[in-house]
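# compute the structure for the input listed below.
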Amino acid sequence: MSIKETVESFIKFRRSIGRKDQSTTYSLRLFAKFIGETTELTSITESDCNAFLYRKGNVITRYWHSQHCILKKLFEWAFSRGLIQNIPIPVFLPKAPEYYPAYIYRMTN
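Next comes the predicted model:
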């Protein structure tokens, strides 16, 4: 099964259970285009997933972690249906940056 078919099946499944998040749909379709829509699901490696996750540079952000979570859900869904034998997502995650709201620490005169 190609990555495009898998992504569309996963999106259809998520919509059938009431999920309508557009950002997840956009990210999954972007991943399919990045990898190549005709690429077989079983041929995707961890290095392919890393190339997608690190496509904006080697900076780890909260966006990086959200993209990782979306891909993890896709591959876990495919694994549970027997479409793949292993999940090609990085297991050891880099630490997310700390979040400090700017408005709390702004000095006033």
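# what residue lies at the spatial centre of the chain?
For the chain, the residue whose C-alpha lies nearest the mean C-alpha position (Cα atoms, centre = their mean) is residue 71; its distance is 3.0 Å.
# and the pLDDT for that residue?
The confidence metric pLDDT takes the value 96 at residue 71.
# how about the secondary structure of it?
At residue 71 the chain is in helix, as set by DSSP: H, G, I helix; E, B strand; the rest coil.
# got a list of contacts for stretch 63-74?
Surrounding stretch 63-74, the residues in contact under the criterion Cβ atoms under 8 Å, 6 or more residues apart in numbering are 6-7, 10, 24, 27-28, 31, 49, 52-54, 87, 89-90, 93-94, 96. Where C-beta positions appear, they are placed from N, C-alpha and C, glycine not excepted.
# buried ones in it, by neighbour count?
Buried residues in stretch 63-74, defined by neighbour count with 16 or more other Cβ atoms under 10 Å: 64, 65, 67, 68, 70, 71, 74.
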